[in-house]
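K.L.:
heads up, no residue letters with this:
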Ligand SMILES: Nc1nc2c(ncn2[C@@H]2O[C@H](COP(=O)(O)OP(=O)(O)OP(=O)(O)O)[C@@H](O)[C@H]2O)c(=O)[nH]1
């Protein structure tokens with residue numbers, strides 16, 4: 001990372017814009033510290049990526065937050081083509097605003113910079129795909145490597161994203177400071193996938209996520225799952241009594257090992273809703289909150305259909321599956337950094 005930081009720092013004066021890619025769930029914790037002291041805000045655009053995973057009602061407030069600090073910012077989902085097209089138009093408007101440029105024959109470069117796993121390569125690829133470049137150039141489409149694991153981009157690569165003027169985007173390897181002293185920031189970075197889970201521990205990370213979920217309002221959206229389930233059990237019971245057949249397990253023909261299947265996700269959401277709404281303790285009290293999380297681990301073992309024989313290993317499995325569901329956006333949308341104007 002030290003070599004990457006040097007290579008990026010050397011290029012900063014040579015490029016027209018820096019696209020500092022951050023994670024929309026942690027707009028502050030995912031700040032790239034290398035840029036903080038190096039760059040005037042007018043040449044930096046803060047791109048809050050993965051907006052589809054963040055709390056939507058907070059996004060406008062974050063744009064306002066950066067505006068107040070004279071920084072240009074933009075929120076985006078790199079997997080959404082329409083979003084990426086609008087972003088490209090926005091970038092072209094920024095370029096038009098640059099003075100002393102012959103817009104018909106110039107070549108402009110933008111460098112993507114950011115901490116691991118924020119989606120720099122995914123965004124570079126998407127811009128390249130929607131960019132107005134010739135069919136011949138598209139035929140040779142290069143791709144930056146996209147991966148769910150942090151630190152996969154090893155070299156600086158260049159992708160063309162526009163013509164007249166020619167615009168190139170440089171995808172760069174991730175950079176992180178050598179030490180992160182704030183434990184809360186570390187947990188947020190691990191939960192969003194910027195650093196490895198092993199630095200915190202999977203179980204601890206899942207407990208951290210459950211604390212966030214329990215203290216948010218996201219679970220309230222799952223109230224109807226619980227009501228629906230009660231209604232369904234009542235109907236099933238009536239049908240079984242009248243037909244004399246044996247009760248059958250829900251989702252019997254489905255695959256219990258794939259925790260991303262709808263029937264398992266619904267079960268998980270329902271169990272989380274029920275444990276939180278039946279909880280009598282004080283959520284603001286750390287000891288009470290820990291008790292609730294303990295109970296949720298036990299309840300989720302059943303919701304994920306984990307065999308009882310797994311014993312203590314069941315808790316690790318619950319943690320892995322729970323973190324995965326959170327990361328693919330199936331357990332609600334959270335912005336983990338608090339907004340402080
Ligand atoms: N949900 C969601 N996932 C995204 C988005 N952008 C990227 N991802 C996913 O995030 C993961 C990381 O994306 P990359 O493009 O490899 O991230 P990077 O910043 O280049 O990662 P490094 O290799 O550490 O430099 C991949 O699994 C992507 O599919 C987005 O807008 N929304």
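P.N.:
Here it is on my side, so go on. Because the structure is a prediction, the values reported are computed rather than measured.
K.L.:
Identify the residue nearest the residue in the stretch 1-150 of the chain positioned nearest to the ligand in space, chain neighbours excluded?
P.N.:
Closest to the ligand within the stretch 1-150 of the chain is residue 119: 2.9 Å, counting by CB to the nearest ligand atom. To be clear about C-beta, it is placed using only N, CA and C from the backbone, and glycine gets the same treatment. In this structure, residue 119 finds its nearest non-sequential neighbour in residue 49, 4.2 Å apart by CB to CB, 6 or more residues apart in numbering.
K.L.:
so the one you found bridges to which residues?
P.N.:
When bridges are called by DSSP bridges, residue 49 pairs up with residue 23.
K.L.:
For it, list the residues it contacts.
P.N.:
By CB atoms under 8 Å, 6 or more residues apart in numbering, the residues touching residue 49 are 21-24, 76-78, 118-119, 122-123.
K.L.:
How about residue 120?
P.N.:
Residue 120 is in contact with 21, 112-114, 144, 153, 171-172, 174, counting by CB under 8 Å, 6+ apart.
K.L.:
can you do 7 Å?
P.N.:
By CB atoms under 7 Å, 6 or more residues apart in numbering, residue 120 lies in contact with 21, 112, 114, 153, 171-172.
K.L.:
again, but for residue 81
P.N.:
With contact taken as CB under 7 Å, 6+ apart, residue 81 is in contact with residue 130.
K.L.:
Can you give me the neighbour number for the closest residue to residue 166 other than its chain neighbours?
P.N.:
Nearest residue to residue 166 in three dimensions, chain neighbours excluded: residue 107, at 4.4 Å (CB to CB, 6+ apart). By the criterion of other CB atoms under 10 Å, residue 107 has 11 neighbours.
K.L.:
just the one 3 residues further on next, same as before
P.N.:
A count of nearby residues for residue 110, using other CB under 10 Å, gives 23.
K.L.:
what residues are up against the closest residue to the ligand within the stretch 201-341 of the chain?
P.N.:
For the stretch 201-341 of the chain and the ligand, the shortest gap (CB to the nearest ligand atom) falls at residue 329, measuring 6.2 Å. Listed by CB under 7 Å, 6+ apart, the contact set of residue 329 reads 52-53.
K.L.:
would it count as being in a helix?
P.N.:
No - applying DSSP: H, G, I helix; E, B strand; the rest coil, one finds residue 329 to be coil, outside a helix.
K.L.:
related to what we said a few turns ago, could you report the pLDDT at the residue of the stretch 1-150 of the chain closest to the ligand?
P.N.:
Looking at residue 119, its pLDDT is 96.
K.L.:
From what I see, it and residue 52 are in contact.
P.N.:
No - using CB atoms under 7 Å, residue 119 is not in contact with residue 52; the gap is 10.7 Å.
K.L.:
The two: who's more crowded?
P.N.:
It is residue 119, of residue 119 and residue 52, that has more neighbours when counted by other CB under 10 Å, with 23 against 16.
K.L.:
Now do the contacts for the residue of the stretch 1-150 of the chain closest to the ligand.
P.N.:
Counting by CB under 7 Å, 6+ apart, residue 119 touches 21, 49-50, 78.
K.L.:
Now do it against residue 22, distance only.
P.N.:
10 Å (CB to CB, to the nearest Å).
K.L.:
ditto for residue 267
P.N.:
34 Å.
K.L.:
neighbours around residue 122, how many?
P.N.:
22.
K.L.:
Okay, it and residue 56: tell me how far apart.
P.N.:
Using CB to CB, residue 122 is found at 20 Å from residue 56.
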